[in-house]
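1. For reference, the sequence and a predicted model appear below.
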Amino acid sequence: MDSTLTVEQQLALAVEFRVPIPQLAPVGGYGEVVVRRDETGTGWAVTDGALVGLRAWVEGEDGGWRPVSDIGRAAAYRHTREDALALAHRVAEYEAITHQVLLGVIADPLGHAIRTRQYVITCPRCQTQGAEEYGEPSRDTDDYADCARCRSCGLEWALDPGADASCATCGGSGIPGAGPIGRRTPNGWEPAQWCECHESRR
């Protein structure tokens, strides 16, 4: 690349950026969120980087990974470069949280049944006790994540074997605001810190 170009000029030539998903490498995996520029326009999309069946991240009430073939290129490549990069970092943080929850399920596959017998789960949003437990299927696998659903306010969140399932702050997820579909905000997906009740904080 011509070293006389400014940084902005060099960035203008880029067609793809890769944002690593944190915390995967230490446990034997690697993943990334790929930001791509539209080949036929100036928009950018946050994608899973697949060569076939490419999916883009969509924000909103029904947000998440969606096949570009289903939502259309205009919906997928709707971001500026800067907005797409910022969103990609939030998505990477969310994917890391989801991965850690799945690791907990694999390490403790009976945790769901054990918690049902021992704990009364409290909703972290409305403080209602007795949330319903269920298994959330994990994408592209035969596994599931232990989750809970509040019958009063409808909040859904992931349960973590390393957290106190009766905790009213995190609802037993160990991660305030995290869940099977994450916690959406007006700014997109927001990563959450571990709750003080989680075993790593004791």
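-> All right, it came through fine. Numbers count the residues shown, from 1 in each chain.

2. what phi and what psi does the backbone show at residue 41?
-> phi -160, psi -160 (degrees, to the nearest 10).

3. in the protein, which ranges drop under the pLDDT threshold?
-> 1-3, 23-30, 61-62, 98-118, 138-142, 180-191, 201-202 (pLDDT under 70).

4. which residues in it form helices?
-> 7-13, 68-71, 73-76, 81-107, 111-118 (DSSP state H).

5. and residue 149, how many residues sit next to it?
-> 18 (other Cβ atoms under 10 Å). The way it works is simple: take the backbone N, C-alpha and C, and place the C-beta from them, glycine included.

6. I'd like the numbering to begin with 59 instead of 1 from here.
-> All right, first residue 59 from here; so that's residue 207.

7. Residue 215: what's its closest spatial neighbour, skipping adjacent residues?
-> Nearest non-adjacent residue to residue 215, counting by Cβ to Cβ, 6 or more residues apart in numbering: residue 237, 3.4 Å away.

8. and the gap between that neighbour and residue 181?
-> Note on residue 237: its distance to residue 181, by Cβ to Cβ, to the nearest Å, is 11 Å.

9. the more surrounded of those two?
-> Between residue 237 and residue 181, counted using other Cβ under 10 Å, the more crowded position is residue 237 (25 against 22).
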